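# Sequence isn't available, so here's the structure alone:
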């Protein structure tokens, strides 16, 4: 969808594709910045509405910071890279941190090492259970600032502006009230139709319609986003019910029905996309994470800045209620860890029992020095699979226990979020509603009764705090999940799952982290205790300024890569034309590209030699927009999955076209 929108904009503006690509990157950056500013500005203003002037200044300041921090700034790797490149830090420290390329002794160097900026997206140094370094398939921890420096116009980047729009709409689900304006829960008579009951879930029809439009569009833009943002919308809906009417399990059931009301029309709205949609995901879709856990220092390199203020926020909230809800927090944290661990074991059992997955388990056992009995014949060998899983289970448990930092930190954060919700909604107090309905009033098909109006005591104003906690919980779940399971794809490891989940967490944590600063200051304004917010703000600001080294230095490095050294007589002038280098260094090829662009009508097919990914192969098709038989085969598989036959069929055909003395061949025909 992002490609379609960018192409339409380019055609409407009569801009050529080589220029449109770079302008497209610029508008994505601008759209992301505007979205970040708007969301943070309104969240802060909503919380401080009783302090109009002070809240307005704070909202403007933090909104501007969001417009820089979320789409432009780097993570903490750039600070570490700078320190290491200036010979600062002991050898023991860098070895302990263990980020590749800077895990050796710090050396004072005159110029940054080649592709230094690339490492900021690969800070997690992955190890197998046996302790071997996993090279080439380490998790991707990309963030928007890196994407824009790379010029990465992929779906995860093109969806960014609309992700902020989706979060803003989810915030409206948290804020909405009944159309009558008063807080009264109307329990429908059970002789009402199912349609009538479902319609009661969405009294605000325009909000429902725009949510359907946005969620469907997100799936079209970047399918990874849609379930996460659906989760946020449903979470906001549940929190809204909890705030207005007190907690009931009924809200979970209603959320499921609301999901149906959102998903089905969203699918129909974008049905042509789904009819042709193919993915590299495949059964059983989830696989157990069979590597050593992520180390906390490396995790904090990525998310340490927003987590500083986020942790201060949640600790401030739960301490306000004197940790009365500690049992709920402990149960949440323990249940999450145990639940995810059990899920990983069950998935491991499924994999080990299948004929396709048994080889992987055998390979892991051999790596650990374990000997397994030969697998019996057949597609499913449950007994053998169970034996194999329990043989490698001690190594998995040992790794989890030895490197528990990320798991414990995220589980504790989720536990604190639940405690804060209960404190904010008064879960320890008496029920918030006086009820006189029959026990079966929640069911759609029971005997008829008259509608009953139930007065509800509104104990909580629509502060954005619970919604911010929802963003924190979503980010924590997204980063905790890959420690135990990941989505099955062509890579065979958690590389891509970490990539897509961490990318969305950057947005969730980034928004929540900046809002947390406003909360600390607005509370301090009333209490007079400014030491904590001042300390957190000083540290946050100092680190934030440090992260701005990434765009400053990376832009210079990328300019040198494309234009040449600053003092070079051959340095190329700045340009938005993506083919300018080709025109300078290969004018004949540039002339051929221009001839094809100017003289070929329609969409015929050209034939280019097939080569490796991340190379110049396929450049004529890419530069002209004319389809070729086969571009980068690996990327074709990523888009469509290994089950798609075209790349393997077309590769030999292209080679025959270029190597056979004549084309009288059935394969070519």
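Everything's here; your move. Because the structure is predicted, anything quoted here is derived from the model rather than measured.

# The stretch 351-500 of the chain: strands as residue ranges?
Under the criterion DSSP state E, counting those that start in this stretch, the stretch 351-500 of the chain contains strands at 452-455, 485-487.

# Compare the mean pLDDT across those and name the weakest.
Among the strands of the stretch 351-500 of the chain, strand 452-455 has the lowest mean pLDDT, at a mean of 37.

# In this structure residue 34 contacts residue 67, no?
Yes. Between residue 34 and residue 67 there is a contact under Cβ atoms under 8 Å: 7.1 Å. Heads up, the C-betas are built off the backbone N, CA and C, glycines and all.

# now the strands for the stretch 1-150 of the chain?
According to DSSP E, counting those that start in this stretch, the stretch 1-150 of the chain contains no strands.

# What about the closest residue to residue 133 other than its chain neighbours, how many residues nearby?
Spatial nearest neighbour of residue 133, chain neighbours left out: residue 127 (6.1 Å); criterion: Cβ to Cβ, 6 or more residues apart in numbering. Per other Cβ atoms under 10 Å, the neighbour tally for residue 127 reads 18.

# Quick check: the gap between residue 127 and residue 100.
Separation of residue 127 from residue 100 (Cβ to Cβ, to the nearest Å): 11 Å.

# higher neighbour count, residue 34 and residue 67?
residue 67 (21 against 15).

# And the pLDDT at that one?
97.

# Surely it touches residue 38?
No. Shown here, residue 67 and residue 38 do not form a contact pair, counting by Cβ under 8 Å, at 9.0 Å.

# how about the residue nearest to residue 133, what does it touch?
Residues in contact with residue 127 (Cβ atoms under 8 Å, 6 or more residues apart in numbering) are 133-134, 291-292.

# ChimeraX command for the buried members of these?
Only the buried entries of the contacts of residue 127 go into this ChimeraX selection, using 16 or more other Cβ atoms under 10 Å:
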select :134,291,292
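
# Take the contacts of residue 127 and lay them out in JSON lines including distance to residue 11.
Listed next are the contacts of residue 127 as JSON lines, based on distance: Cβ to Cβ, whole Å:
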{"residue": "133", "distance to residue 11": "48"}
{"residue": "134", "distance to residue 11": "44"}
{"residue": "291", "distance to residue 11": "46"}
{"residue": "292", "distance to residue 11": "50"}
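
# Residue 375: which of the contacts of residue 127 is nearest?
Taking Cβ to Cβ as the measure, residue 375 lies nearest residue 291 of the contacts of residue 127, at 23.0 Å.

# Quick check: that closest one touching residue 494?
Yes. Applying Cβ under 8 Å, one finds residue 291 in contact with residue 494, separated by 7.3 Å.

# measure residue 303 to residue 416 for me?
Relative to residue 416, and taking Cβ to Cβ, residue 303 is found at 16 Å.

# Next: residue 164.
26 Å.

# Over to residue 44?
Distance from residue 44 to residue 416, by Cβ to Cβ: 22 Å.

# repeat for residue 512
Taking Cβ to Cβ, one finds residue 512 at 13 Å from residue 416.

# Then residue 474?
For residue 474 relative to residue 416 (Cβ to Cβ), the value is 15 Å.

# and if you look at residue 106?
In terms of Cβ to Cβ, residue 106 sits 37 Å off from residue 416.

# Okay, now the unreliable bits of the stretch 51-200 of the chain?
Scanning the stretch 51-200 of the chain for pLDDT under 70 picks out 178-199.

# where does residue 297 sit relative to residue 406, distance-wise?
10 Å.

# what sits against residue 167?
Contacts of residue 167 (Cβ under 8 Å, 6+ apart): 39, 229, 232, 471, 507, 511.

# Tell me which of those fall in helices.
If you go by DSSP state H, the contacts of residue 167 have 39, 229, 232, 471, 507, 511 in helices.

# Could you dump the residues you listed into a markdown table with pLDDT added?
Below are the ones in helices among the contacts of residue 167 laid out as a markdown table (pLDDT from 0 to 100):
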| residue | pLDDT |
| --- | --- |
| 39 | 97 |
| 229 | 97 |
| 232 | 98 |
| 471 | 98 |
| 507 | 98 |
| 511 | 98 |
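
# Format those as TSV; extra columns: neighbour count.
Shown next, in TSV, are these (neighbours: other Cβ atoms under 10 Å):
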residue	neighbour count
39	25
229	24
232	24
471	29
507	26
511	26
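
# Put together CSV for those residues, with distance to residue 357 on each row.
Below are the ones in helices among the contacts of residue 167 laid out as CSV (distance: Cβ to Cβ, whole Å):
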residue, distance to residue 357
39, 42
229, 31
232, 33
471, 36
507, 34
511, 39
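
# Looking at these, which is nearest residue 358?
Looking across the ones in helices among the contacts of residue 167 and measuring by Cβ to Cβ, the closest to residue 358 is residue 229, at 37.1 Å.

# for the helix or strand encompassing residue 349, the distance to its chain's centre please.
Applying DSSP states H and E as the criterion places residue 349 in helix 326-353. Relative to the centre of its chain, helix 326-353 is centred 22 Å away, using Cα atoms, centre = their mean, to the nearest Å.

# Contacts only, for residue 655.
residue 610.

# and it, what element?
Going by DSSP H and E, residue 655 is in helix 646-659.

# Flag every buried residue along that helix.
Buried-residue list, helix 646-659, by 16+ other Cβ under 10 Å: 647, 650, 653-654.

# Dead centre of the protein: give me the residue that sits there.
residue 504 (2.3 Å; Cα atoms, centre = their mean).

# how much space is there between the residue nearest to residue 133 and residue 28?
From residue 127 to residue 28 the distance is 35 Å (Cβ to Cβ).

# Where does the nearest residue to residue 564 once chain neighbours are set aside sit: helix, strand or coil?
Leaving aside its sequence neighbours, residue 564 sits nearest to residue 571 (Cβ to Cβ, 6+ apart; 4.3 Å). Following DSSP: H, G, I helix; E, B strand; the rest coil, residue 571 is assigned to coil.

# Quick check: residue 571 touching residue 562?
No. Applying Cβ under 8 Å as the test, residue 571 and residue 562 come out as separate, 10.1 Å apart.

# Check the contacts of residue 167 against residue 618 and report the nearest one.
residue 507 (31.9 Å).

# Now do the contacts for the nearest residue to the closest one once chain neighbours are set aside.
Once flanking residues are discounted, residue 507 sits nearest to residue 163: 5.9 Å by Cβ to Cβ, 6+ apart. By Cβ under 8 Å, 6+ apart, residue 163 lies in contact with 35, 218, 225, 229, 504, 507.

# Which strand or helix spans residue 163?
Judged by DSSP H and E, residue 163 forms part of helix 160-175.

# Next, the buried residues of that helix.
Buried, per 16+ other Cβ under 10 Å, within helix 160-175: 160-167, 169-174.

# now the helices for the stretch 451-600 of the chain?
For the stretch 451-600 of the chain, the helices defined by DSSP state H, counting those that start in this stretch cover 465-480, 495-527, 531-547, 549-563, 580-585, 587-599.

# Which neighbouring elements make contact with the fourth one?
Counting contacts by 3 or more Cβ pairs under 8 Å, 6 or more residues apart in numbering; DSSP states H and E, helix 549-563 is packed against helix 77-85, helix 144-150.

# Tabulate the ones you listed (JSON lines), appending mean neighbour count and distance to residue 24.
Listed next are these as JSON lines, based on neighbours: other Cβ atoms under 10 Å; distance: least, Cβ to Cβ, whole Å:
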{"stretch": "helix 77-85", "mean neighbour count": "21", "distance to residue 24": "25"}
{"stretch": "helix 144-150", "mean neighbour count": "23", "distance to residue 24": "11"}
